[in-house]
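Participant: Below are the sequence and a predicted model; questions follow.
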Amino acid sequence: MRSLLLLSMVLGAVAAQAQRQVAPELRDLIEQRIEAIAEQLGDDSGVDLTAISEQLTDRLSSPIDLNHTTPEELASLYLLEDPQIAAIFDHRQRFGPFLSLYELQTIDGLDLRTLELVRPFLTVRERPLDSRASLKEILKNGRHEWTTRTQINIEQRKGFLGAPGGDPFGVAYTDPDGDALPDIDDAQVLDSLRDNSKVYLGSPWKIYSRYRFRYRQNVSFGITAEKDEGEEFFRGTQKQGFDFHSAHLFVRGLGRVKAVALGDFQAQFGQGLVFWSGLAFSNKSAYTLNIKRNAQGLSPYASVNENLFLRGGGATIELTEHWDATVFASSKGLDANISAAPQPSDTNGVFTDAELAISSFQEDGFHRTPNELLKKDAVRENIQGGHLRYRRARWSIGATAAHVAYDRTLTRNLKPYNQFEFQGRENTTMGVDWNVASRNITWFGEGARSANGGLAALTGLLVALDKRLSLSLLYRDYQRDFQGTHSVAFAEGTNPWNERGLFTGLEIRPDRKWTINAYMDQFRFPWLRYQTDATSQGHDLLGQITWTPDKRTQLYFRARRQQRQRNTALGDNGIDALVDLEQTNFRFNASYRVSESVTLRSRMERVEFQRGDQPQENGFLLYQDLMYRPLMSEWELTGRVALFSSDTYNARIYAYENDIIGVFSIPPYYGRGMRYYAMVRYTPLRGLDLWVRYGAWLFNDQQAIGSGLQEISGDRRSDLKVQVRLQF
């Protein structure tokens with residue numbers, strides 16, 4: 001369920017500060033939820049989920065008052081399903097204000113495990129807290145947090161041809177001939193190097209620093225800066241220091257002004273079909289009620305992804321008791337691959353700046369080489385949008401519109417499969433979303449239309465049939481010519497267009513010890529796709545049985561089978577027939593809390609992958625985790641040892657790894673070898689935390705790791721991370 005999944009990220013960001021308040025069994029459960037969502041992302045470089053988790057980092061110290069809350073605020077906890085939220089408000093309406101949190105036990109649909117999970121984040125008050133506060137009160141009782149970290153890949157990559165000498169603040173590298181590289185001070189030097197990007201211009205150190213001030217849920221101010229490995233630092237093209245800077249000011253509860261965002265922020269509405277900025281996740285997981293998105297509207301941005309945010313301002317205003325409106329505007333540079341317009345401006349083939357176009361967007365945020373620097377902020381994106389909502393106690397309906405304009409034309413390299421995707425300079429998307437809650441049923445959905453007339457729609461149901469049985473259904477129909485430049489919605493494919501499908505999920509809780517989850521997703525793609533030169537279809541099946549005999553032990557077994565279609569790898573006479581791609585995963589996971597301080601976690605997983613009639617490709621992973629977390633100790637230790645074997649990259653297995661606060665790692669295990677890491681957290685003083693993490697990959701079947709400028713010679717790849725956080 002989405003509720004439990006995203007809670008994982010919350011405590012991923014607050015575990016250190018709140019660990020003395022959270023029971024060990026709760027922390028273990030939360031880490032399982034972290035992995036449940038992390039494995040949907042699949043990224044070998046780590047994924048920054050801070051942008052979403054930040055909005056909940058204060059909930060342990062500032063819990064939600066059940067007697068003076070809204071369905072939207074409870075949904076923002078990501079702890080409860082929508083039918084459960086509806087049941088809570090139905091109970092409050094029928095019997096009056098809550099007298100105690102234990103009163104939740106009398107509500108159908110709230111099982112004891114969910115209540116144990118949600119209890120630390122809720123409270124009951126007779127009178128609401130005053131949302132108004134003076135500047136003196138805010139400054140006195142607000143919390144300051146400063147975090148800085150650095151990390152380095154210890155084995156030298158091919159891009160660092162000159163020995164770095166260990167100085168992270170400015171290193172003179174050499175070119176392939178041994179000569180010193182010049183500082184890139186102007187466009188002329190940059191232009192001379194753009195066709196010879198054989199080295200990284202900066203040091204191998206990655207550096208991150210952030211300051212943030214927060215007062216309850218009402219005020220947030222922060223400044224974030226980051227330098228990736230290979231990027232220059234206080235020299236050359238980055239004389240100002242960090243490659244990426246971000247700042248925000250966010251205020252809630254100013255009377256009828258419910259929220260104000262300035263600087264960098266996020267905006268999320270409906271189910272994501274019209275507009276959704278920030279990181280979004282696949283809706284399919286072992287938590288089979290995870291199909292509905294609870295949009296947060298405006299929220300602060302404090303992450304380091306250099307693309308998934310808005311820069312400008314926005315506000316949400318309560319027009320009347322039942323109406324509220326949100327408006328926002330953004331203008332920022334985006335990285336992009338530059339191409340030329342079809343016709344040159346003169347016979348010499350020289351293009352003016354106005355005639356330059358972009359062929360695609362570059363989303364990795366790296367600016368390490370002259371070629372990558374040419375793509376930095378190559379196009380300016382301007383966005384204006386708004387959302388109008390009418391809400392009642394049990395239902396709401398909203399309308400969203402967003403206009404996106406670029407100062408250069410997007411001219412894709414057209415192929416038959418992508419001919420309907422957005423091209424040009426401007427696009428407007430608009431739509432309507434709804435949410436209806438009636439005791440044990442939630443009905444939701446959204447319909448959208450892009451400027452070219454393309455349509456997309458989804459609708460779903462969440463039904464608590466019984467305290468022990470819940471059902472989820474979602475149908476989507478996205479036309480091939482729907483063009484949502486900022487659309488992120490439930491989909492099998494990467495984008496919500498050219499797809500039809502029906503998802504059916506089931507969760508059975510026969511008693512407190514057993515939980516059974518299963519889903520079936522059937523989908524069809526009415527038009528061609530990348531590497532799929534015909535209409536295609538497929539399905540995704542998952543089943544999981546979880547046994548929790550006591551608070552110390554949990555075991556689950558999972559099986560998942562995915563089938564989709566791709567071009568055959570054995571095309572004949574230029575004809576690529578479609579063949580089935582079939583992948584089956586089997587997983588057994590066991591977690592056991594040996595004592596209040598020690599938890600063991602073991603996993604065995606196997607994957608089978610086959611493309612048409614080609615030989616089956618297999619992968620295998622076995623690991624053992626150890627977590628030593630004394631409640632009142634200054635020290636905390638986490639570690640893993642893993643053995644893995646896969647025939648090919650197709651048979652890779654993703655696995656979440658514990659990492660330092662603010663960093664999320666979900667690397668793919670492939671090849672043959674061993675993986676281990678160890679992480680230590682030390683808290684010498686109240687409010688001061690230090691993390692050190694070392695990890696290494698040891699391969700048995702490789703003499704070179706990676707490719708291109710990222711290639712490492714040898715069979716070993718390791719990294720070191722150090723982070724300091726001060727709270728006061």
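Facilitator: Noted; the coordinates are in hand. Residues are numbered from 1 along each chain as shown.
Participant: so where do the strands sit in the stretch 1-150 of the chain?
Facilitator: 43-47, 64-65, 122-123, 143-153 (DSSP state E, counting those that start in this stretch).
Participant: Could you find the closest non-adjacent residue to Q240?
Facilitator: Spatial nearest neighbour of Q240, excluding adjacent residues (C-beta to C-beta, 6 or more residues apart in numbering): F234 at 7.8 Å. In short, each C-beta sits where N, CA and C put it, glycine included.
Participant: Also R629?
Facilitator: Closest to R629 by C-beta to C-beta, 6+ apart is E636, at 5.0 Å.
Participant: what's the neighbour count on the one you found?
Facilitator: Other residues lying near E636 total 20 when counted by other C-beta atoms under 10 Å.
Participant: With G460 instead?
Facilitator: As a measure of burial, G460 has 21 neighbours, counting by other C-beta under 10 Å.
Participant: Report pLDDT for S192.
Facilitator: Per-residue confidence (pLDDT) for S192: 44.
Participant: my bad, V350
Facilitator: At V350, pLDDT is 54.
Participant: now swap in V22 and tell me
Facilitator: pLDDT, V22: 48.
Participant: same check, this time on the one 3 residues further on
Facilitator: Each residue has a pLDDT score; the one for E25 is 55.
Participant: cool, P526 as well?
Facilitator: For P526, pLDDT reads 96.
Participant: repeat for N67
Facilitator: pLDDT at N67 comes out at 88.
Participant: ok, it touching T123?
Facilitator: No. In this structure N67 lies outside contact range of T123 using C-beta atoms under 8 Å: 9.2 Å.
Participant: And the helices in the stretch 501-650 of the chain?
Facilitator: Counting by DSSP state H, counting those that start in this stretch, one finds no helices in the stretch 501-650 of the chain.
Participant: actually the chain, sorry about that
Facilitator: 2-18, 24-38, 50-53, 71-76, 82-95, 112-118, 135-141, 187-193, 370-375 (DSSP state H).
Participant: Quickly note the distance from the residue nearest to Q240 to V199.
Facilitator: 19 Å (C-beta to C-beta, to the nearest Å).
Participant: do F269 as well
Facilitator: Counting by C-beta to C-beta, the gap from F269 to V199 is 44 Å.
Participant: neighbour-wise, which of these two wins?
Facilitator: F269 (28 against 22).
Participant: Contacts only, for T553.
Facilitator: A590, S591, Y592, R593 (C-beta atoms under 8 Å, 6 or more residues apart in numbering).
Participant: Produce a PyMOL select command limited to the buried residues of those.
Facilitator: Here is the PyMOL selection string for the buried members of those, based on 16 or more other C-beta atoms under 10 Å:
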select buried, resi 591+593
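Participant: possible to save the contacts of T553 as CSV with distance to H387 and pLDDT?
Facilitator: Converted to CSV, the contacts of T553 look like this (distance: C-beta to C-beta, whole Å; pLDDT from 0 to 100):
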residue, distance to H387, pLDDT
A590, 45, 95
S591, 41, 91
Y592, 47, 91
R593, 44, 89
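Participant: which of the contacts of T553 lies closest to D715?
Facilitator: Checking the contacts of T553 against D715 with C-beta to C-beta, the nearest one is A590 at 30.7 Å.
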